[in-house]
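Student: Sequence and predicted structure are below.
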Amino acid sequence: MATFTSSTTIPKRVLLLAATTFLALCVSSCNNQETSTATRTAYVTVPEKGILGYRLDFNGKFTSILGSPFIAGVSPTSVQVLPGNNFLYVANQSDNTISLFSIDQTSGQLTEVLPRTDTGVAPVFMRLNATSSLLFVVNQISSSISVFSINASTGKLTPVAGSPFAVAANPVELAINPAGNLLYVVSPNLSSVYGYSISSSGALQPVPGNPYLVDTDPQGIAIDPAGKFVFVTNTASNTVSAFTIGTGGALSTVALSPFTTGTDPNAILVYPTGQYLYVVNQSAGSISGYTIGPEGVLTAISGSPFGGSAGSVFINVDPTQQIVYVGNQSTNNIMEYTIDTSTGALSTGNNSVSTSAAPSSLAITQ
């Protein structure tokens with residue numbers, strides 16, 4: 001596990017960092033031209049290389065975009081695409097900046113729009129609010145969240161008044177409720193979740209009851225699409241904690257929580273319908289799947305855990321809601337899974353792709 005000189009542990013999904021900008025050559029498949037069946041694009045941050053760009057066809061097959069990888073700042077670790085697919089943001093962990101890229105709507109190629117935007121120290125995770133009017137950035141070393149308003153026409157970021165906001169010590173990930181008025185952040189060092197209200201301007205204020213204790217070493221966090229529940233993976237305890245969101249953002253523990261996972265649970269995903277929850281078990285090389293009950297109780301899906309690869313650090317669902325992608329840092333690839341939407345069961349697909357070095361995050365255009 002990589003550490004900074006301050007002895008602060010970085011998120012486990014970011015295992016390999018580049019000390020300087022690595023001017024990488026295109027991966028071996030970049031000479032393949034995108035096909036007429038391509039319907040969307042995917043962008044993958046690889047701290048050693050930059051940003052890999054792919055076309056995805058109707059079946060989920062990856063084809064490298066000409067010019068990939070695209071160079072950002074030092075150690076790009078998190079990526080977000082602005083709805084409308086015109087702009088892309090990348091958090092550069094080692095130079096404390098965000099890169100803004102314009103997306104060519106025809107080719108999918110990226111062009112960086114300078115200058116880069118300053119953040120706090122060690123930006124490791126980003127999330128847009130539901131209306132994509134605000135961008136929230138977790139700064140792990142400075143224990144803060146930078147909040148930016150977004151110019152939808154240009155993609156330009158402007159810090160909101162009071163940003164960055166001090167939060168729990170050494171945060172690694174955040175989640176925002178669908179209404180856009182609540183934010184929750186995990187602090188592995190304190191084995192806690194902290195909640196914050198979000199004002200109309202983007203300013204953060206602590207919610208009543210902070211902190212909310214979970215099991216040891218929380219890493220991933222997700223909120224269901226109805227905004228009723230918060231789920232947190234506890235890496236050292238091999239569990240996932242579940243909470244109900246109450247008045248003012250206060251959290252109450254769900255009955256029977258925490259729930260057992262595989263070894264070293266990390267990334268977490270709630271399926272867009274709110275029926276299912278998936279947890280990536282980093283060391284076990286598997287994915288635990290659950291149905292979400294009306295009171296937030298988790299029940300293992302038949303066949304769970306589903307096979308994967310060791311070193312998995314992120315999980316994303318395709319906009320079609322038929323495919324799940326999991327990024328693996330031990331095998332340097334992204335694996336595809338198809339979803340049985342009636343049961344939530346996952347099956348390994350045929351469209352995995354090599355990233356040549358450890359991937360850290362993925363964003364897919366609509």
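Tutor: The structure has been received and is ready for your questions.

Student: Any stretches of this protein with poor pLDDT?
Tutor: Within the chain, the stretches with pLDDT under 70 are 1-38.

Student: Just give the number of residues close to Ser200.
Tutor: Neighbour count of Ser200, defined by other Cβ atoms under 10 Å: 9. Heads up, the C-betas are built off the backbone N, CA and C, glycines and all.

Student: Now do the same for it: helix, strand or coil?
Tutor: Here Ser200 is recorded as coil under DSSP: H, G, I helix; E, B strand; the rest coil.

Student: measure it to Ser133 for me?
Tutor: Between Ser200 and Ser133 the computed distance is 10 Å (Cβ to Cβ, to the nearest Å).

Student: Check which helices and strands the biggest strand by length in the chain is in contact with.
Tutor: Longest strand in the chain, counting residues (DSSP state E): strand 110-118. Applying 3 or more Cβ pairs under 8 Å, 6 or more residues apart in numbering; DSSP states H and E, one finds that strand 110-118 contacts strand 97-103.

Student: secondary structure element for the nearest residue to Pro359 once chain neighbours are set aside?
Tutor: Nearest non-adjacent residue to Pro359, counting by Cβ to Cβ, 6 or more residues apart in numbering: Gly327, 4.3 Å away. Secondary structure from DSSP states H and E places Gly327 in strand 323-328.

Student: before we move on, the earlier item: residues contacting the longest strand of the chain, please?
Tutor: Outside strand 110-118, the residues within contact range by Cβ atoms under 8 Å, 6 or more residues apart in numbering are 43, 51, 53, 67, 70-73, 88, 92, 95-104, 148, 154-155, 157.

Student: wait, isn't Val124 in contact with Ser78?
Tutor: Yes. Assessed by Cβ atoms under 8 Å, Val124 is found in contact with Ser78 at 6.5 Å.

Student: For these two, list the residues in contact with both.
Tutor: Ala91.

Student: And stretch 231-249, end to end?
Tutor: With Cα to Cα, to the nearest Å applied, stretch 231-249 spans 14 Å between its terminal residues.

Student: So which bits of that stretch are buried?
Tutor: 231-235, 237-245, 249 (16 or more other Cβ atoms under 10 Å).

Student: cool, and stretch 91-106?
Tutor: Going by neighbour count (16+ other Cβ under 10 Å), the buried part of stretch 91-106 is Ala91, Asn92, Gln93, Ser94, Asp95, Asn96, Thr97, Ile98, Ser99, Leu100, Phe101, Ile103.

Student: Mind checking what helix or strand follows the longest strand of the chain in sequence?
Tutor: Remark: after strand 110-118, the chain's next helix or strand is strand 123-128, criterion DSSP H and E.

Student: Now do that following strand against strand 110-118, angle only.
Tutor: 110 degrees (axes from the mean of the first three to the mean of the last three Cα atoms, to 10 degrees).

Student: Can you give the contact residues for the helix or strand encompassing Thr41?
Tutor: According to DSSP H and E, Thr41 maps onto strand 40-46. Residues outside strand 40-46 that contact it (Cβ under 8 Å, 6+ apart) are 51-56, 62, 65, 69, 72, 76-79, 81, 85, 88, 90, 103, 108, 110, 319, 325, 327, 334, 355-366.

Student: That strand: how far from the chain's middle?
Tutor: 12 Å (Cα atoms, centre = their mean, to the nearest Å).

Student: by how many degrees do whichever helix or strand comes after it and strand 40-46 diverge?
Tutor: Next along the chain after strand 40-46, taking DSSP H and E as the criterion, comes strand 50-56. Calculated by the same axes, to 10 degrees, strand 50-56 forms an angle of 160 degrees with strand 40-46.

Student: which stretches of the stretch 251-366 of the chain form strands?
Tutor: With DSSP state E, counting those that start in this stretch as the criterion, the stretch 251-366 of the chain has strands at 251-253, 259-260, 265-270, 276-281, 286-292, 298-300, 306-307, 312-317, 323-328, 333-339, 346-348, 353-354, 361-364.

Student: The fifth one - which strands sit beside it in the sheet, and in what orientation?
Tutor: When you say that, I think you mean strand 286-292. strand 276-281 (antiparallel), strand 298-300 (antiparallel), strand 306-307 (antiparallel) (DSSP bridges).

Student: Of these, flag the one that's most buried.
Tutor: Stretch with highest mean neighbour count among those: strand 276-281 (a mean of 26; mean count of other Cβ atoms under 10 Å).

Student: For that one, C-alpha coordinates in PDB please.
Tutor: Provided in PDB are the C-alpha atoms of strand 276-281 (Å, rounded to 0.1, in the frame of the first residue of the first chain):
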ATOM      1  CA  TYR A 276     -29.500  -4.500  -6.200                       C
ATOM      2  CA  LEU A 277     -26.300  -3.700  -4.500                       C
ATOM      3  CA  TYR A 278     -22.800  -4.900  -5.600                       C
ATOM      4  CA  VAL A 279     -19.600  -4.900  -3.600                       C
ATOM      5  CA  VAL A 280     -16.200  -5.600  -5.100                       C
ATOM      6  CA  ASN A 281     -14.000  -7.800  -2.800                       C
END
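
Student: Other residues contacting that strand?
Tutor: Here strand 276-281 has contacts from 220, 222, 231, 233, 240, 261-271, 287-292, 298, 301, 305, 308, 312-315, 324, 326, 344, 346, using Cβ under 8 Å, 6+ apart.
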